[in-house]
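# Here is a sequence together with a model predicted from it:
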Amino acid sequence: MIKNKKILVLGGAGFLGKAVVDNLLEVGARVLVLTRNENKIKLSKTSALPGQFEIISANIFEEGILEKYIQDKYAVINLCGILFESEDNEFEKIHSYLPDLISKICKKCNVENFVHISALGSSMKSKSLYSRTKALGEKSVLKNFKNSVVLKPSIIFGKGDNFFGQFARMSKFLPFLPVIGPNVKFQPIYVGDVAQAITNILSSKKSFSNVYELGGPDIYTFYNLLSLMLENLGRKRILIKINPILMILPGYFLNFLPKPPFTSDQMKLLMYDNIVNPEKPGLKDLEVKPTKLEILLPELLKFFKV
């Protein structure tokens, strides 16, 4: 059990982070979140007890900060990740250098458990820099910290996600939706299931494998997902199928925008399926029953029907 155990969450202000923090507080853990965006954290399920939850605004790249807050922790959870690069945040810095640094400090400070969130499909052989740096980060974590667990989820859905939310907003104003890579396959996983997997890892006394591939119970093509979304919204829109190869060059120029609608690197990701290998450890091994997308999607899209 992890009741009263001190746990540090890095990236706790994000979409997944909020669900993870909620879960940990529900089982009685004492949670510290390091973030630059403390105002973004809103606990949805749990009212933390006095002294149970603390948010500290800090730059984790500032010398000595990570070691200061990793000391005396039972576990550290790294949820830090980016979908596109900016002037301050590059894939190599966030996905490769940072996990390497965190895992080394965890070992130095004798932390018992380190959970690192990577991404399904990460590979050193990928044409995508996002994917290659994710793989580098995993390699460093597994090398540096013996008791580390790496979780590799497919696209994560839930209230406030970047996937259905983005396309639902687009469908409100556009008569069509672009489906870049219509036949690429995904295995969407509910954000609550990922959070529960992390809680189970830290709560159990049994030993775990080092790497888990996480996906929901069903596999969909990109085209299927958007069709299902439109059906639940009650909207009829034309779905235009586009080969991702054709969008790499336009994506390159969009890379220079502060928040690009898509990037050339993301187009390279859409050239590969994003589904779990059933022969590798997954949610079942972590004692989590995956939630079906069709059950939750109507509720998740209610806000976008207005």
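Looks like it came in fine.

# Where does residue 132 sit: helix, strand or coil?
helix (DSSP: H, G, I helix; E, B strand; the rest coil).

# and it, how many neighbours?
Per other C-beta atoms under 10 Å, the neighbour tally for residue 132 reads 20. C-beta: built from backbone N, CA, C; applies to glycine.

# Can you verify my assumption that it contacts residue 118?
No: assessed by C-beta atoms under 8 Å, residue 132 is found out of contact with residue 118, at 11.8 Å.

# Averaged over its residues, which helix or strand of the protein has the lowest pLDDT?
Here the helix or strand of the chain ranked lowest by mean pLDDT, DSSP states H and E is helix 248-254, holding a mean of 72.

# Quote the end-to-end distance of stretch 257-268.
This stretch, stretch 257-268, spans 18 Å end to end (C-alpha to C-alpha, to the nearest Å).

# Point out where the stretch 201-306 of the chain drops to low pLDDT.
Flagging of the stretch 201-306 of the chain using pLDDT under 70 yields the residue ranges 207, 252-256, 306.

# Which parts of it are strands?
In the stretch 201-306 of the chain, the strands defined using DSSP state E, counting those that start in this stretch lie at 211-214, 220-221, 238-242.

# contacts for the shortest one?
Strand 220-221 is contacted by residues 182-188, 228, 293 when judged by C-beta atoms under 8 Å, 6 or more residues apart in numbering.

# residues contacting residue 35?
Taking C-beta under 8 Å, 6+ apart as the criterion, residue 35 is in contact with 11-13, 41, 55-58.

# redo that, cut-off 7 Å
Counting by C-beta atoms under 7 Å, 6 or more residues apart in numbering, residue 35 touches 12-13, 55, 57.

# next one: residue 301
By C-beta under 7 Å, 6+ apart, the residues touching residue 301 are 164, 168, 229, 232-233.

# try 6 Å this time
Contacts for residue 301 (C-beta atoms under 6 Å, 6 or more residues apart in numbering) come out as 168, 232-233.

# Check residue 92 too.
By C-beta under 6 Å, 6+ apart, the contact list for residue 92 reads residue 133.

# Over to residue 76?
Residue 76 sits next to 8, 70, 106, 111, 114 when contact means C-beta under 6 Å, 6+ apart.

# Can you tell me which of the residues you listed is nearest residue 126?
The shortest approach to residue 126 among the contacts of residue 76 belongs to residue 114, at 24.4 Å (C-beta to C-beta).

# Now do the helices in the stretch 201-306 of the chain.
222-233, 248-254, 264-269, 293-300 (DSSP state H, counting those that start in this stretch).

# what angle sits between the first one and strand 238-242?
Same thing as helix 222-233. Calculated by axes from the mean of the first three to the mean of the last three C-alpha atoms, to 10 degrees, helix 222-233 forms an angle of 160 degrees with strand 238-242.

# Would you mind listing the buried residues in helix 222-233?
Judged by neighbour count using 16 or more other C-beta atoms under 10 Å, the buried positions of helix 222-233 are 222, 224-230, 232-233.
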